[in-house]
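**Student:** What would the 3D arrangement of this be:
(one chain, ligands or ions: 1)
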Amino acid sequence: MSVKLFAAALAATTLISCAPSAPLTQAKTEPSALATQCEGRDGWSDPAPPVRIHGNSYYVGTCGIAVILIATPKGHILIDAATDEAVPSILANIRTLGFDPRDVKLIIGSHEHVDHMGGFAELKAATGAQLMVSSAARPSVETGRTDAADPQVGIIPDMKPVPVDGEIAFGAPMKSGSGSDIALTPHATPGHTSGGTSWTWRSCEGKKCITIAYVDSLSAVSSDDYKFSAHPERVAPFRSTFDRVRALPCDLLITPHPSFSDIFERLAGEMPLINPGACKTLADMMAARLDKRLASEAAK
Ligand SMILES: [Zn+2]
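**Tutor:** This is a model prediction of the structure:
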């Protein structure tokens, strides 16, 4: 169903005589602009400049929350939406890069919390794109309410509800149509939420092709009275997720909270941008944090 919907969304694009292509005028924002303009600002809705990450992949999010634009000749893709309040700056960033928001044909995301999916309703309305989420994320996205089993229920605000057009099918790449060099693969990475999803795709800049991994939040955080040790049904998927993330193809890592992948510093040239060990390092670090959390719960 998901692949069909995606194909349909993109097929519709090809019927339009002026199908989206490379932007006519591409604003030149230095890759270091994210580090300099977001210095001391990391709010979920703090506007950030748009920056090309690699090839057809761009950062169009805020200082605190990543939103990724993947531009293809057959329609663009947005991963995540940040908050409702952030949407005007996301749309402005897309335009600044020379793209038309109406050429975004597919919106997908990381996990069902207001800081990443809160802007879905406004972004879908502004672009007319198809919205697809994992089956586990769907109830929260469509009702706007945090899942009752979520460790952070009660401390995460609700979000604007929005109807979903289709569900992600895990295990196979979503092809964006013939002739395109992007094969976007969803990976189920539950733990932080039940519907957490990570994404990998190939991005080419000239002859240099790499795999970008957008790895969902892996943090075991909760309300004060929640104990992970009392919820083995949440700890087990977390452990599988760490293993899955360790094994991802991962030349360049981006995380929904940009600081977890140091992406601003990497784009500014302060650290290597290409870092094939990054997914494993992140998974190891977050697994150690979960172990520490379980140990501290046991000690109480
Ligand atoms: Zn979250």
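**Student:** Next, the contact list for the residue in the stretch 51-200 of the chain that the ion sits nearest to, please.
**Tutor:** Per Cβ to the ion, His113 is where the stretch 51-200 of the chain lies closest to the ion, at 3.6 Å. The C-beta positions use only the backbone N, C-alpha and C, and glycine is treated the same way. Under the criterion of Cβ atoms under 8 Å, 6 or more residues apart in numbering, the neighbours of His113 are Thr146, Gln152, Ile156, Met159, Thr193.
**Student:** cutoff 6 Å now
**Tutor:** Going by Cβ atoms under 6 Å, 6 or more residues apart in numbering, His113 touches Ile156.
**Student:** ok, longest strand in the chain?
**Tutor:** Counting residues, the longest strand found in the chain (DSSP state E) is strand 197-205.
**Student:** what about Ser217, neighbour count?
**Tutor:** Using other Cβ atoms under 10 Å, Ser217 has 22 neighbouring residues.
**Student:** contacting residues for it?
**Tutor:** By Cβ under 6 Å, 6+ apart, the residues touching Ser217 are His192, Pro256.
**Student:** for Ala86, same thing?
**Tutor:** Taking Cβ under 6 Å, 6+ apart as the criterion, Ala86 is in contact with Ser45, Thr62, Gly119.
**Student:** Just among the residues you listed, which is most surrounded?
**Tutor:** Among the contacts of Ala86, Gly119 has the most neighbours (other Cβ under 10 Å), with 35 neighbours.
**Student:** that older thread, contacting residues around the next helix or strand along the chain from the longest strand of the chain?
**Tutor:** Per DSSP states H and E, the first helix or strand lying C-terminal to strand 197-205 is strand 208-214. By Cβ under 6 Å, 6+ apart, the residues outside strand 208-214 that reach it are 57, 79, 199-203, 248-254, 279.
**Student:** Can you tell me the closest non-neighbouring residue to Tyr226?
**Tutor:** Nearest residue to Tyr226, sequence neighbours excluded (Cβ to Cβ, 6 or more residues apart in numbering): Pro151, at 4.8 Å.
**Student:** Next, that neighbour: secondary structure please.
**Tutor:** Secondary structure state of Pro151, per DSSP: H, G, I helix; E, B strand; the rest coil, is coil.
**Student:** Test my guess that it contacts Ser222.
**Tutor:** Yes - between Pro151 and Ser222 a contact is recorded at 3.5 Å, counting by Cβ atoms under 6 Å.
**Student:** Only the buried residues of stretch 228-236, if you could.
**Tutor:** Buried positions in stretch 228-236, judged by neighbour count with 16 or more other Cβ atoms under 10 Å: Phe228, Arg234, Val235.
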